[in-house]
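**Student:** what's the 3D shape of this:
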Amino acid sequence: MAPPTESPARPARKRKTRGEGQWALGYREPLNANERSKKDDNPLNVRERIENIYAHRGFDAIDPGDLRGRFRWWGLYTQRAPGIPGARTGTIEPEDLDDRYFMMRVRVDGGALTTEQLRVIGEVSQTYARDTADITDRQNVQLHWVRVEDVPTIWQKLESVGLSTTEACGDCPRVILGSPVAGIAADEIIDATPAIAEITERYIGDRSLSNLPRKFKTAISGSPRWDTVPEINDISLVGVVHPEHGPGYDLWVGGGLSTNPKLAVRLGAWVSQEDAAEVWHAVVQIFRDYGYRRLRNRARLKYLLADWGAEKFRQVLEDEYLGRKLIDGPAPETPSGHRDHLGVHRQVDGNHYVGVKSAAGRVSGSTLMEVAKAAERVGSKRVRTTVEQNLLVLDVAESDVEGLTADLAELGLHADPSPWRRGVMACTGIEFCKLAIVETKQRAIDLVSELEKRLADVQAGVTDPVTINLNGCPNACARTQVADIGLKGQMVPDGDGNQVEGFQVHLGGGLAIDTGFGRKIRGHKVISSEVGPYVERLVRNYLDQREEGERFAQWVARAEEDDLK
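**Tutor:** Reported below is the predicted structural model:
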């Protein structure tokens, strides 16, 4: 009997790849509810409905698609309804989380404010927002308890002094981070103020850029201190001197945190001051056209950059969007030392600026008005917000410095804070945020007071502040992965097995000289009430074991796990 013949091998079937929703590749049909909402109606159109319908008919008249979507393009989020525990976050319907009040984000590009603008924000806060105000780590000011009925009047007041909430939230170009000492710092490489102003004037509110795959974050600074956290933005222009062309910017793209953190990547391109806005616009258009729209959790620029790589990204930027090659440029020098501008510093014109620490960003409308008055009493008309949730008063004569710092200290704003106060940051938390699981603001404020008592005996030995960032959920709005001690909110079991508010711990993260993401300690979680004793234990271990000049992040990298628990 003849042996059976083998069947001819079938050619391997080519697996059909699923599109990522990239417009430039022809995927125009919306692939999720967010994309459908944006296609159905440009989100910027919602302002007319707010002014002409919702402000007159009230909260119950608001279309759900506007309420939980398009309102964001005008800086408005519904607040979390009071009394909903963190354990229920993510388990109940959005409408069950909504309060009838809004958080309003006032956009502060470059962190630059006049005292008149600061006073108007304070007045709006007092009149329409129950005197609430938070300085964010993106240099904005957030108000709470805002009613839709009052929104048109608030816009009128803000816009009368050149302020705006346009695209403060949403899938669009968010606020542009800038150095709070732009134009006044003696060590500045280039003043980024003109670049920020041009981008803001030309492109914020541009309908061709109002439907991006997700939010788009920008940082532009000519400071050698990298004081706009350029490592974690979608695009960063970082001051650098080209050996032939002089001061300009090094171009970085693709940074971001949240649940899948990525550091920005240098493209090796030098950008002049005159070309900064054009290059920024081209990068945003790449994101608009090639960004992934199928899945929201992959819709940030960092995912496209990771798949393409820097070389392809630069090639597409030059060939398809700029129509010319960019100049190759040098990398900026990595800074060391403080980047927060706290304290008293001399300006290039001989005056001084005074940088003061807020309580984890929590201030009030009344406080902002008093800051404006204090600044004007010493002849200043300019203030700045920072990415550390702090405030600077510019243009202070040397003879007025002492009096101003004393006035600001009475408002709870300190120019020479303890290392624990200096290094603390917190997101909005469960008090107002619908994504949060735990309380953060008040916990951070209480933690500072607790550590100042617990660690009073070693405070003088802490030359570098140990940064402690508290976040209410995994989204890392307070930059938990790049803090010395990052505390990510979640429900954790207490000693009796009950689920209570607590934190997963990230240790040893940092930016600039310590760039890297924090180390997770396997299975280690801390309940909220035990954060103080835990941080005390951790800091004392660091001080006992550190080598000369060793920073906290360096110690964490070599420490035994038992010393980190």
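
**Student:** any weak-confidence spans in the chain?
**Tutor:** The model of the chain has pLDDT under 70 over residues 1-18.

**Student:** for the stretch 151-300 of the chain, what spans make up the helices?
**Tutor:** 151-159, 193-203, 276-290 (DSSP state H, counting those that start in this stretch).

**Student:** Between the ones you listed, which one is closest to D464.
**Tutor:** For the helices of the stretch 151-300 of the chain, distance to D464 was read as Cβ to Cβ. The smallest value, 29.9 Å, belongs to helix 193-203. C-beta: built from backbone N, CA, C; applies to glycine.

**Student:** Return the distance of the closest one from the chain's centre.
**Tutor:** 19 Å (Cα atoms, centre = their mean, to the nearest Å).

**Student:** who wins for proximity to D109 among the helices of the stretch 151-300 of the chain?
**Tutor:** Here helix 193-203 is closest among the helices of the stretch 151-300 of the chain (Cβ to Cβ), at 5.0 Å.

**Student:** in that closest one, what's buried?
**Tutor:** 193, 195-200, 203 (16 or more other Cβ atoms under 10 Å).

**Student:** same deal with stretch 356-371?
**Tutor:** Across stretch 356-371, burial judged by 16+ other Cβ under 10 Å covers 356-365, 367-371.

**Student:** Most widely separated two among the residues you listed?
**Tutor:** For the buried residues of stretch 356-371, the farthest-apart pair by Cβ to Cβ is A360 and M369; their separation is 20.3 Å.

**Student:** helix/strand/coil for V371?
**Tutor:** Following DSSP: H, G, I helix; E, B strand; the rest coil, V371 is assigned to helix.

**Student:** Spit out the contact partners of it.
**Tutor:** Counting by Cβ atoms under 8 Å, 6 or more residues apart in numbering, V371 touches 118, 383, 391, 393, 408, 411, 413.

**Student:** Doesn't the fifth one lie inside a helix?
**Tutor:** Yes - under three-state DSSP, L408 sits within a helix.

**Student:** oh, and call the first residue 10 from now on, that's how I've got it
**Tutor:** Sure, I'll start numbering at 10, so the last one becomes L417.

**Student:** Next, work out how far apart it and T124 are.
**Tutor:** Noted for L417: a distance of 13 Å to T124, by Cβ to Cβ, to the nearest Å.

**Student:** Which of those two has more residues huddled nearby?
**Tutor:** Neighbours were counted for L417 and for T124 using other Cβ atoms under 10 Å; L417 has more, 23 against 20.

**Student:** Pairing partners for the closest residue to that one other than its chain neighbours in the sheet, please.
**Tutor:** Leaving aside its chain neighbours, L417 sits nearest to V365 (5.0 Å; criterion: Cβ to Cβ, 6 or more residues apart in numbering). Under the criterion DSSP bridges, V365 forms beta bridges with L400.

**Student:** about what we covered before: any chance of the contacts of V380 in TSV, with secondary structure and distance to T98 too?
**Tutor:** Shown next, in TSV, are the contacts of V380 (DSSP: H, G, I helix; E, B strand; the rest coil; distance: Cβ to Cβ, whole Å):
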residue	secondary structure	distance to T98
L127	helix	34
V392	strand	35
L400	strand	31
V402	strand	38
L417	helix	36
L420	coil	33
L422	coil	32
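
**Student:** Most neighbours among those residues, please name it.
**Tutor:** Busiest of those [other Cβ under 10 Å] is V402, holding 31 neighbours.

**Student:** Just to check, that residue is in contact with K390?
**Tutor:** No - applying Cβ atoms under 8 Å, one finds V402 not in contact with K390, separated by 10.0 Å.

**Student:** Give the intersection of the neighbour lists for these two.
**Tutor:** Counting by Cβ under 8 Å, 6+ apart, the contacts common to V402 and K390 are A384.

**Student:** gap between the most centrally placed residue in the chain and V117?
**Tutor:** With distances taken as Cα atoms, centre = their mean, R147 lies nearest the centre of the chain, 4.1 Å away. Taking Cβ to Cβ as the measure, R147 falls 9 Å from V117.

**Student:** neighbours around the residue nearest to C181 when sequence neighbours are not counted, how many?
**Tutor:** Spatial nearest neighbour of C181, chain neighbours left out: S219 (5.1 Å); criterion: Cβ to Cβ, 6+ apart. S219 has 21 neighbouring residues, counting by other Cβ under 10 Å.

**Student:** tell me the contacts of S219?
**Tutor:** So S219 contacts 51-53, 82, 176, 179-181 (Cβ under 8 Å, 6+ apart).

**Student:** Of the buried residues of stretch 365-380, which is the nearest to Q499?
**Tutor:** Among those, and counting by Cβ to Cβ, the member closest to Q499 is A369, at 19.3 Å.

**Student:** ok, now which ones touch that closest one?
**Tutor:** A369 makes contacts with 398, 433-435, 449-450, 453-454, 457, 479, as judged by Cβ under 8 Å, 6+ apart.

**Student:** and the helices of the stretch 160-309 of the chain as JSON lines, adding distance to L573?
**Tutor:** Listed next are the helices of the stretch 160-309 of the chain as JSON lines, based on distance: least, Cβ to Cβ, whole Å:
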{"stretch": "helix 160-168", "distance to L573": "46"}
{"stretch": "helix 202-212", "distance to L573": "40"}
{"stretch": "helix 285-299", "distance to L573": "38"}
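
**Student:** give me the number of residues near E168?
**Tutor:** E168 has 13 nearby residues by other Cβ under 10 Å.

**Student:** Do a quick rundown of the strands in the stretch 10-159 of the chain.
**Tutor:** 85-89, 107-115, 121-123, 143-144, 150-155 (DSSP state E, counting those that start in this stretch).

**Student:** What helices and strands are in contact with the fourth one?
**Tutor:** Packed against strand 143-144, as judged by 3 or more Cβ pairs under 8 Å, 6 or more residues apart in numbering; DSSP states H and E, are the following elements: strand 150-155.

**Student:** From the rest of the structure, what touches the strand it packs on?
**Tutor:** Residues outside strand 150-155 that contact it (Cβ under 8 Å, 6+ apart): 85, 88, 110-115, 117, 130, 133-134, 137-139, 141-145, 163, 374, 377, 394, 437, 441.
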